[in-house]
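Peer 1: model the structure of this input:
(one chain, ligands or ions: 1)
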Amino acid sequence: MTSSRDQIPSARRIVVKVGSSSVSGANVGQIGMLVDALASAHARGSEVILVSSGAIATGIPFLKLDARPTDLATQQAAAAVGQNVLIYRYQESLDRYAIVAGQILLTAGDMENPTHRSNAQRAMERLLGLRILPIVNENDTVATQEIRFGDNDRLAAMVSLLVGADVLVLLSDIDALYTRPPGEPGAERIDVVPFDDELTEVTFGDIGAAGVGTGGAGTKVAAAKLAAAAGIPTLLAATESVADALSGAPLGTWFEAAAL
Ligand code: GLU
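Peer 2: Below is the predicted model of the structure:
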C-alpha cells in the first residue's frame, strides 16, 4: 500500500484521471505534458492507466456547435465524435515514446455486473502485461452517469479497485481540496485527509470551475472515499502539476486509505 505521496514514484500500478477542461479547448496543448509525465512513470516500470474525460468537449467543434449542447442525444453524439479525436491526440503524443494506447469504454454498471467486470479485468490485465497504456472513458452511448453527474471520478475509483491500483491520482483545474470553493475568502488548502475524516469543515461548490466539465470537489471526495475504503490512497492535484505529482512532490490533497 502507498501510505504517502513520496511512495508514488515506486507505485506498481497507478490510475490517473483527468477532467475534460484539462485536455480540450484552450488546454488541448496540455495533452503533451500529461503524456510526458505518464510516459516517465511508464519508463520507470509503473503500470499506468489513464481515465480521461473530454470526449464531448473535444467533439463540440466538429459538430459545428459553439457551446456544449444541452440535450442528452446531442451530447452523446458529440462524445461519439470527440472520443475518436481524443484518443487520436493521445496516441499521436504517445508515439513520441513508442507507447501504444488501448481504448476502454466502460460504465459504472459494468463494474457492478460480474461478467462484464471480469471481462474488463481480464482485458485490462492483458493490456498492462503487454505494456500498453489503457485509456478509459465512460461509454457514453449506453451510459450517461458522467454527462449527468460529472462522475468519471467515480468511474476512476471503480477502475482503481478493478485493477488493484496502489494509488489514484485525480487531476483537474483545481490544485487541491479547499475548506471552501477556491477563490472564496477564507478558503484554505487541505494537505492530508485522514481515513474516515467526514470533512465536516468543508463547504462544496456546485460544479467544476471551467464550464466544459461537469465534476467538482464533491465527486472527487466521493471517489477518494470509495478508493480509500478499498485501501487505495488518492492524490488530488492540478493537471499542470502532473509531473511533480507523479514524482511524489508535496502538493495537492492526499487522502489516506484504510489500512487493510
Ligand atoms: N464521458 C464524457 C466525456 O468524456 C462526459 C464528460 C462530460 O459530461 O463533460 O466527454
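Peer 1: what does stretch 135-142 rub up against?
Peer 2: Surrounding stretch 135-142, the residues in contact under the criterion Cβ atoms under 8 Å, 6 or more residues apart in numbering are 49-56, 75-76, 79-80, 83, 86-87, 90, 101-107, 110, 145-147, 152, 155-156, 159. For glycine as for every other residue, the C-beta is placed from the backbone atoms N, C-alpha and C.
Peer 1: I only care about those that end up buried; give me the ChimeraX line for that.
Peer 2: Buried residues among the contacts of stretch 135-142 (16 or more other Cβ atoms under 10 Å), as a ChimeraX selection:
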select :49,50,51,52,53,54,55,56,75,76,79,83,86,87,90,101,102,104,105,106,107,110,145,146,147,152,155,156,159
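Peer 1: wouldn't K17 be in contact with L171 here?
Peer 2: Yes - using Cβ atoms under 8 Å, K17 is in contact with L171, at 6.5 Å.
Peer 1: all strands for the stretch 101-250 of the chain, in order.
Peer 2: Secondary structure of the stretch 101-250 of the chain (DSSP state E, counting those that start in this stretch): strands at 101-106, 133-138, 167-172, 192-193, 234-238.
Peer 1: tell me the most buried of the ones you listed?
Peer 2: Each of the strands of the stretch 101-250 of the chain was scored by mean neighbour count; the highest is strand 167-172, a mean of 28, by mean count of other Cβ atoms under 10 Å.
Peer 1: ok, it near the ligand or not?
Peer 2: No - judged by Cβ under 6 Å from any ligand atom, strand 167-172 stays clear of the ligand, getting no closer than 12.0 Å.
Peer 1: give the other helices and strands that that strand contacts.
Peer 2: On a contact count with 3 or more Cβ pairs under 8 Å, 6 or more residues apart in numbering; DSSP states H and E, strand 167-172 meets strand 13-18, helix 20-23, helix 152-163, helix 217-229, strand 234-238, helix 242-246.
Peer 1: what's the angle from the third one to strand 101-106?
Peer 2: Between helix 152-163 and strand 101-106, the angle formed by their directions is 110 degrees, by axes from the mean of the first three to the mean of the last three Cα atoms, to 10 degrees.
Peer 1: ok, residues contacting helix 152-163?
Peer 2: Helix 152-163 has contacts (Cβ under 8 Å, 6+ apart) with 13, 15, 17, 19, 47, 49, 51, 53, 106-108, 111, 117, 120-121, 124-125, 128, 136-138, 145-146, 165, 168, 170, 215, 219-220, 222-224, 226-227, 230, 232, 234.
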